[in-house]
Structures are given as structure tokens and as C-alpha cells.
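Asker: Output the structure for:
(one chain, ligands or ions: 1)
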Amino acid sequence: MERRCLTAFTILSLVCALVSPVSTAAAAEKIRRYELERADQGYRLALRSVEAPAPKSNEVLVRIRAVSLNHRDLYFLKGVYGGDSSGQVPVSDGAGEVVALGPGVQRFKVGERVATTFFENWNSGPPTPAAISRSRGGQMAPGVLSEAIVTHEDGLVRIPDHLSFEEAATLPCAAVTAWNGLFTHGHLQRDQFVLLEGTGGVSIFGLQFAAAAGARPIITSSSDAKLERARSLGAVATVNYRTHPEWQEQVRAATKGAGVSHVLEIGGKDTLPRALASLGLAGHVALIGGLTGFEGNVEVGAITDRLGSLTSIYVGSREDFESMNAFISRHKLKPVIDRVFPFEEAPAAFSYLESGSHFGKVAIRL
Ligand SMILES: NC(=O)c1ccc[n+]([C@@H]2O[C@H](COP(=O)([O-])OP(=O)(O)OC[C@H]3O[C@@H](n4cnc5c(N)ncnc54)[C@H](OP(=O)(O)O)[C@@H]3O)[C@@H](O)[C@H]2O)c1
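Answerer: Residues are numbered from 1 along each chain as shown. This next block holds a predicted model:
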């Protein structure tokens with residue numbers, strides 16, 4: 001029954017959109033989407049049938065074809081961030097096609113393939129309170145685990161032609177974060193050593209970007225099998241952080257003692273001191289995540305002795321996303337997707353991400 005609603009919605013939307021670029025006729029149709037519903041611990045994903053949204057001025061209606069999961073989506077599901085997320089549509093990253101335009105839309109045409117930006121209205125330049133006020137998939141702006149969304153046209157980018165919807169859906173958060181850490185803030189150069197921690201979404205994009213730029217990626221993981229896979233993507237050295245708890249020693253040895261020029265720091269409390277010990281002269285640490293916690297002490301001398309610099313990264317702007325897409329297109333990079341789940345099995349996709357079994361990204365097809 002719900003599947004029939006979607007089919008009717010899609011056909012009607014496309015017909016209306018083709019007849020007139022300004023369409024609200026799909027509003028009475030039904031779509032399916034997931035919403036967060038209170039559970040014993042945090043929330044659970046509840047599949048709902050709701051009225052299809054209609055685009056208002058400067059808004060675009062997008063038929064979502066795929067989404068990808070980020071660690072942040074797990075944090076919302078578990079209620080880690082506090083506040084009330086009941087009824088919120090989860091997941092920040094999606095890709096699909098434009099099916100209708102509200103009045104005044106300039107940047108898109110019906111039928112174009114697009115991805116959502118992480119922030120609905122951070123267009124370019126440095127972050128401002130307004131620019132980072134509407135992150136998708138949390139309490140600030142609705143997410144994309146929905147058969148259709150409306151969004152301001154500023155909150156979309158065209159996707160590279162060589163990517164599928166699943167591949168494009170992996171880009172908005174993890175890839176833009178890795179891009180900004182390495183290029184916008186790190187100014188990565190050829191032959192420099194880059195340290196990536198673990199083999200999740202951000203780190204595998206960091207590995208691919210560094211390798212494509214002619215730099216020398218070094219990566220850690222809890223799994224030898226994953227490290228083997230990372231070598232096939234261009235890692236010049238690998239360290240198992242479980243069997244080598246003092247892994248910074250292996251990292252420095254891999255650089256012949258010089259240390260790395262860049263770190264994408266996703267681990268926080270347990271990894272930051274080791275990342276700093278791995279750093280070479282004038283090295284740059286992009287502070288991204290706190291998988292092991294955010295508390296603890298930082299040894300200031302470990303930074304100043306090396307003339308190092310640290311930048312906190314919060315994903316990035318639409319302009320960053322577009323610059324990254326140009327690089328991805330130029331190098332014909334293909335995001336690494338570990339598994340794609342059907343829409344109906346979205347809860348299993350979250351559990352799979354939580355298990356940490358994945359290498360790269362986990363996607364859901366709609
Ligand atoms: N600031 C931002 O804008 C931003 C953007 C994106 C993500 N983040 C944050 O960055 C972190 C990673 O996000 P993600 O989406 O890439 O996560 P993810 O895909 O779930 O990756 C998690 C992976 O991290 C690795 N890991 C876990 N503990 C580790 C440790 N102690 N040392 C080294 N690696 C470890 C594991 O890799 P192995 O299985 O190989 O061991 C695990 O599979 C999260 O905290 C997330 O919230 C922040």
C-alpha cells in the first residue's frame with residue numbers, strides 16, 4: 001500500500017514538474033520516511049507515511065534515492081546530544097533527483113542529480129552562527145531518511161556524473177570534512193605524510209584524497225584485514241592500533257623519524273596525544289571527532305616544539321563541497337561503500353555501523 005503511494009507520488013511529481021516548473025500538486029500524495037521515536041535508551045526508528053512536502057519559494061523538491069550514515073547519526077539515535085529529538089527525521093546525507101521547483105529557484109532544473117549539503121545554508125566563507133545553525137538530521141533541520149524532502153536551493157549541489165546515487169550520498173559529511181581537514185585548512189602537498197585513524201567514513205575519504213593528491217597516507221586500524229584493504233587504496237604504511245597500542249612509534253618509524261605533516265584526528269581522548277607524538281615539523285592536526293571521548297589533557301609542548309597547528313573542523317560549506325566534487329571528478333574517485341541496505345532495513349544499517357565492522361561508508365537505497 002505504502003509502496004503504491006510512493007509510485008503514484010513519483011509519477012505525479014514528475015508529470016507536474018514537467019508540465020510546470022512551479023508545482024505544489026504533489027502535496028496531497030503520501031511518502032514514507034523514518035522519524036525518531038522515544039525508546040528505553042534514546043530513540044528507535046519509526047517508519048511513517050506522511051503527506052509529501054511541497055516546495056515553497058526558493059525551495060526544491062528532491063526524490064531521495066540513497067542516503068549514507070555517519071557516526072553522528074548513531075549519536076542522535078542514542079540521544080547522546082541531549083534535548084528532544086522525537087519526531088525528527090534522521091540522517092544528514094542524501095542524494096537524489098530534483099522533481100519539482102518552488103517559485104524563484106535559479107540554481108536547479110527538474111531532473112538534475114543532486115546531493116544535500118550538511119548545513120542547509122552555509123554557502124561559502126568561514127563559519128558564522130547562522131551558517132552552522134541548520135545542520136540536517138538532528139534537532140536543527142530535518143534529515144533525509146525520507147522518500148522526498150524539500151530544501152532551500154542553497155542546500156544542494158550537483159553530483160559528479162561518474163557517481164551513482166549511493167556513492168554521491170556518501171559525500172556531504174565525511175568526505176567534505178576530510179577534504180577541509182587536508183586541503184582547505186591543511187594545504188596538503190605532494191609527498192607529504194598523512195595520518196588517518198581507523199577505517200571509517202572520514203578516514204577512508206582522507207586516504208583516497210591523500211593518495212590522489214600524490215601524498216603518502218599512513219593508516220591505523222583494529223583489523224589487519226582492513227589494513228590490507230587500505231594498502232590497495234594507496235596506504236604506504238599501516239599499523240594495527242590494537243596489537244600496537246603505542247602505534248605512534250610505528251608511524252614515526254614509517255616516516256624515517258620525520259613525523260607526519262597532517263593528521264585527521266577522529267579519536268579524541270585516546271588518540272590525540274599519540275597523533276601529536278606522530279607529528280612532524282610544522283605539521284597540521286585537523287580536530288574532527290572524539291570516538292574515545294573529548295576530555296583529557298593536551299601536552300602543549302607536543303604542539304609548540306614542532307611549530308604545529310590545530311584546526312577544529314565542522315564539515316564545511318557548499319563551496320567546499322563543490323571544490324571537492326571538482327577534485328573527485330578530475331580524479332574519477334569512487335567512494336568506498338561497504339554495504340548498501342534497503343530502505344525497509346534502515347535499523348539494520350544503523351546496527352551495522354554501530355558494530356564497527358564497516359570499511360568506508362554504509363548506505364541505504366530508497
Ligand atoms: N567535526 C566534524 O565535522 C565531523 C565530521 C564527520 C565525523 N566526525 C566525527 O568523527 C568521528 C568518525 O566519524 P565517522 O563517521 O568516520 O565514523 P565511522 O565511519 O563510524 O568510523 C568509525 C571507525 O573509527 C575507528 N576507530 C574507533 N576507535 C578508534 C581508535 N581508538 N583509534 C583509531 N580508530 C578508531 C574504527 O576503525 P577500525 O574498524 O579500522 O578500527 C571504526 O570503524 C566521529 O566521532 C564523528 O562524530 C566529525
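
Asker: Can you get me a residue count around Gly293?
Answerer: When neighbours are defined as other CB atoms under 10 Å, Gly293 has 10 of them. In short, each C-beta sits where N, CA and C put it, glycine included.

Asker: quick one: it and Lys269, what's the gap?
Answerer: Relative to Lys269, Gly293 is positioned 4 Å away (CB to CB, to the nearest Å).

Asker: Report the strands that pair with the strand or helix carrying Ile218, each with its relative direction.
Answerer: Following DSSP states H and E, one finds Ile218 within strand 216-221. Pairing partners of strand 216-221, with direction, according to DSSP bridges: strand 193-197 (parallel), strand 237-240 (parallel).

Asker: Can you tell me which of those strands is packed in deepest?
Answerer: Mean neighbour counts were taken over the strands paired with strand 216-221 using mean count of other CB atoms under 10 Å, and the top value, a mean of 29, falls to strand 193-197.

Asker: Could you see whether the ligand lies near that strand?
Answerer: Yes - counting by CB under 6 Å from any ligand atom, the ligand is contacted by strand 193-197 at Glu197.

Asker: chain center to that strand: distance?
Answerer: The chain centre lies 18 Å from the centre of strand 193-197; the measure is CA atoms, centre = their mean, to the nearest Å.

Asker: Show the average pLDDT along it.
Answerer: Average pLDDT, strand 193-197: 98.

Asker: Okay, buried residues for the following helix or strand past it please.
Answerer: As assigned by DSSP H and E, the chain's next helix or strand after strand 193-197 is helix 201-212. Buried residues in helix 201-212, counted by 16 or more other CB atoms under 10 Å: 201-211.

Asker: packing partners for helix 201-212?
Answerer: Helix 201-212 is packed against helix 176-179, strand 193-197, strand 216-221, strand 260-265, with contacts defined by 3 or more CB pairs under 8 Å, 6 or more residues apart in numbering; DSSP states H and E.

Asker: sorry, back to before: whichever helix or strand comes after the strand holding Ile218 vs strand 193-197, what angle?
Answerer: As assigned by DSSP H and E, the chain's next helix or strand after strand 216-221 is helix 224-232. Angle of helix 224-232 versus strand 193-197, following axes from the mean of the first three to the mean of the last three CA atoms, to 10 degrees, is 150 degrees.

Asker: Near the ligand, which residues of the stretch 201-350 of the chain? Just list them.
Answerer: With CB under 6 Å from any ligand atom as the criterion, the stretch 201-350 of the chain comes near the ligand at residues 201-202, 220-223, 226, 241, 266-267, 270-271, 288-292, 313-315.

Asker: picking that back up, please convert the strands paired with strand 216-221 to TSV, extending it with distance to Lys334.
Answerer: As requested, those are exported to TSV (distance: least, CB to CB, whole Å):
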stretch	distance to Lys334
strand 193-197	18
strand 237-240	21
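
Asker: what residue ranges in this protein score low on pLDDT?
Answerer: Using pLDDT under 70 as the threshold, the predicted model of the chain has low-confidence ranges 1-28.

Asker: Find the closest residue to the ligand in it.
Answerer: With CB to the nearest ligand atom as the measure, Gly200 is the residue of the chain nearest to the ligand, at 1.8 Å.

Asker: Can you tell me how far that residue is from Thr311?
Answerer: Plainly put, Gly200 is 20 Å away from Thr311 if you go by CB to CB.

Asker: Tyr43 too?
Answerer: Look at Tyr43 and Thr311: by CB to CB, they are 32 Å apart.

Asker: who has more neighbours, those two?
Answerer: Set side by side, Tyr43 and Thr311 give different neighbour counts by other CB under 10 Å, the larger being at Tyr43 (21 against 15).

Asker: So what sits opposite that one in the bridge?
Answerer: Beta bridges link Tyr43 to Arg38 when assigned by DSSP bridges.

Asker: Make sure it is actually in contact with Leu74.
Answerer: No - at 10.8 Å, Tyr43 does not count as touching Leu74 under the criterion of CB atoms under 8 Å.

Asker: quick one, helices of the chain?
Answerer: Assigned helices in the chain, in chain order: 2-19, 71-78, 165-168, 176-179, 201-212, 224-232, 247-254, 272-278, 300-304, 318-330, 346-355 (criterion: DSSP state H).
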